[in-house]
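> After the sequence you'll find the predicted model.
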Amino acid sequence: MTLAMDAERRVFSDGLVAIRDDRIVAVGDRRELAARFLPRRIIHARGDAVLPGLINGHTHAPMVLFRGIADDLALHEWLTQYIFPAEAKNVSREFVLWGTRLACLEMIRGGTTTFADMYYFESAVAEAAAGAGMRGVLAETIIDFPSPDSRTPQAGLEYTDRFVKQWRTHPLIIPAVGPHAPYTNSTETLKQVQAFAEAHNVPILMHVAETRTEVEDISKRYGARPVEYLERIGLLSPRLIAAHTVHINDGEIELLRRRQVGAVHNPQSNMKLASGVAPVPQMIRADVALGLGTDGAASNNTLDMFEAMKTAALLHKLSTNDPKVVNAHQALEMATINGARALHRENELGSLEPGKRADLIIVGLGGPHQVPVYNVYSQLVYATEASDVKTVIINGRVVMRDQRILTLAQVTVLAKANEFRAKIIRSLKSK
């Protein structure tokens, strides 16, 4: 069964996807298309679902090495008392390289083919992602206090300049700039980021309106709510990908829509940190470009987009007392075609259509937890698990075949992750 996730949302019970090099050249009924092609290689998916690769619209990939380091805390306490100190003592280029390899291993196994990332030493994230064969929109973090790779925001922009020049022509990597948040960057820094993004023609990734505290602090400081403040200083544009957008009102939703800002919902992280419930049904009704993300594994604690889809659908039914909102079809859209819209890449990604990048996954539907199948959308969102993903193709390259990763040495990656665990434990014990 092939789910195109195109404008018509076509589903082919006996489908065929033809790929040449890194592009899809045909999608349709197998009996109609088979005679047109003489393939060098055929991958059979009888009884399985073939669909676009999932898009993780917001994460911090290297932070898998902090998975479980501090749980059951509010965001401010979690960041300032645990994460920022742990990062200061442990984050290096090597930490980022191996952390990203571990993250890519997890994401590929779960059917994610594209991820949007914001962290430090982002060139190492790019190196690891490219080596794993994964597609990434990758942003170097800009923040107004010393970070693991830059002492000042100006130094951060200088690093980002080198990063963009190094990776901008790579077929899998879209370099970007990532001001951490309105509350961790001054207006001057944010304007410098905006000018940099315009000059280099790159996306901007940013946390926006994640907590009530953020809204209160920005309102007091600037006399405007976070989205209104960003509009005032010129950051709202199709260049911006805003993560979280939890505490926004109807006027801010309209600003996001009008300025064509991509928004990314992170339901599990927001629930775990008790940050709040984003107005997702309202954003869907307003036709905001809304994707779905896991956030980092330090606050989730997985990079599982199947979990994220199910959680998004269930959370908003509960919070609105309406079982019809965020249905299975919409949840899958947020992880595919609308996830591509949120990253401003819908012309290249998110659906199975001729001319688009050949990013697709084969998902088994025969597990005991999946049988019988009545509605494939419901089955994928409510019953399917990451472990049901069989094969992953990114940019026309098979990176996982029959659940065997072909681009990463799993044993080595896991061993290195445990070496870092020991180092992190020692660093937390030291004064």
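Yep, it's here. Everything numeric in this text was worked out from a predicted model, so none of it was measured.
> Out of the helices and strands in the protein, which is least certain?
helix 75-77 (a mean of 84; mean pLDDT, DSSP states H and E).
> Which secondary structure elements does that helix sit against?
In terms of contacts (3 or more C-beta pairs under 8 Å, 6 or more residues apart in numbering; DSSP states H and E), helix 75-77 is packed against no helix or strand at all. Placement of C-beta: from N, CA and C, glycine included.
> Going by neighbour count, which residues in that helix are buried?
By neighbour count on 16 or more other C-beta atoms under 10 Å, the buried set for helix 75-77 is residue 75.
> Repeat that for stretch 224-232.
For stretch 224-232, using 16+ other C-beta under 10 Å, the buried residues are 225-231.
> List just the nearest of those residues to residue 240.
Within the buried residues of stretch 224-232, the smallest distance to residue 240 is 7.6 Å, found for residue 230 (C-beta to C-beta).
> How much space separates that closest one from residue 208?
From residue 230 across to residue 208, the span is 7 Å (C-beta to C-beta, to the nearest Å).
> Could you do residue 400 as well?
The gap separating residue 400 from residue 208 is 33 Å, by C-beta to C-beta.
> residue contacts, the residue lying closest to residue 110 once chain neighbours are set aside?
Using C-beta to C-beta, 6 or more residues apart in numbering and skipping the chain neighbours, the partner closest in space to residue 110 is residue 386 (3.5 Å). The contact partners of residue 386, by C-beta atoms under 8 Å, 6 or more residues apart in numbering, come to 109-111, 304-307.
> Any chance of the residues you listed in TSV with distance to residue 348 as columns?
What follows is the contacts of residue 386, written out as TSV (distance: C-beta to C-beta, whole Å):
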residue	distance to residue 348
109	24
110	21
111	18
304	24
305	19
306	23
307	26
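> Make a PyMOL selection of the buried ones in these.
In PyMOL, this line selects whichever of the contacts of residue 386 come out buried by 16+ other C-beta under 10 Å:
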select buried, resi 109+110+111+304+305+306+307
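> So which of the contacts of residue 386 is the closest to residue 273?
Distances from residue 273 to the contacts of residue 386, taken by C-beta to C-beta, are shortest for residue 307, at 16.1 Å.
> on that earlier part again, sitting in helices, which of the buried residues of stretch 224-232 do you find?
Residues from the buried residues of stretch 224-232 lying in helices, with DSSP state H as the criterion: 226-231.
> what mean pLDDT does the lengthiest helix in the chain have?
Looking across the chain with DSSP H, the single longest helix is helix 410-429. Averaged over helix 410-429, pLDDT sits at 93.
> Show me what that helix is in contact with.
Contacts to helix 410-429, defined as C-beta under 8 Å, 6+ apart, come from residues 64-66, 69, 86, 89-90, 95, 98-99, 101-102, 105.
> By neighbours, which of those residues wins?
Within the contacts of helix 410-429, residue 99 tops the neighbour count with 31 neighbours, counted by other C-beta atoms under 10 Å.
> What sits closest to it if chain neighbours are left out?
Closest to residue 99 by C-beta to C-beta, 6+ apart is residue 62, at 3.2 Å.
> just checking, the one you found touches residue 101?
No - using C-beta atoms under 8 Å, residue 62 is not in contact with residue 101; the gap is 9.3 Å.
> State the number of residues packed around residue 80.
Neighbours around residue 80, by other C-beta under 10 Å: 10.
> Where does it sit: helix, strand or coil?
Judged by DSSP: H, G, I helix; E, B strand; the rest coil, the three-state class of residue 80 is helix.
> quick one on the thing from earlier: can you check which residues contact both of residue 230 and residue 208?
residue 182.
> Can you tell me how far residue 239 is from residue 46?
Counting by C-beta to C-beta - residue 239 and residue 46 are separated by 43 Å.
> Settle it for me: which of those two has more neighbours?
Taking other C-beta under 10 Å, residue 239 and residue 46 do not tie; residue 239 has more neighbours (21 against 6).
> Please read off the pLDDT at that one from the model.
97.
> Does it touch residue 195 like I think?
No - under the criterion of C-beta under 8 Å, residue 239 makes no contact with residue 195, lying 11.7 Å away.
> Low-confidence ranges, the chain, go.
Along the chain, segments meeting pLDDT under 70 span 430-431.
> So what are the structural domains in it, by residue number?
Domains of the chain are assigned by automatic domain parsing as 2-51+351-402, 54-342.
> ranking those by burial, who's on top?
Of all the domains of the chain, domain 54-342 carries the top mean neighbour count, a mean of 21, counting by mean count of other C-beta atoms under 10 Å.
> just so I have it, where are all the strands in the stretch 251-400 of the chain?
262-265, 289-292, 360-364, 389-394, 397-401 (DSSP state E, counting those that start in this stretch).
> Include distance to residue 413 when you put the ones you listed into JSON lines, please.
Formatted as JSON lines, the strands of the stretch 251-400 of the chain follow (distance: least, C-beta to C-beta, whole Å):
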{"stretch": "strand 262-265", "distance to residue 413": "26"}
{"stretch": "strand 289-292", "distance to residue 413": "25"}
{"stretch": "strand 360-364", "distance to residue 413": "21"}
{"stretch": "strand 389-394", "distance to residue 413": "16"}
{"stretch": "strand 397-401", "distance to residue 413": "14"}
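> phi, psi of residue 65?
Here is the backbone geometry of residue 65 (degrees, to the nearest 10): phi -70, psi -10.
> Grab the nearest non-local neighbour of it.
residue 99 (4.4 Å).
> how about the one you found, phi and psi?
Per-residue torsions, residue 99: phi -60, psi -40 (degrees, to the nearest 10).
> And for the one 4 residues further on?
Backbone torsions for residue 103, taken as degrees, to the nearest 10, come to phi -60, psi -40.
> Name the nearest residue to it, ignoring sequence neighbours.
residue 61 (3.8 Å).
> contacting residues around that neighbour?
The contact partners of residue 61, by C-beta under 8 Å, 6+ apart, come to 99-100, 103-104, 115, 117, 119, 125, 128-129, 296, 303.
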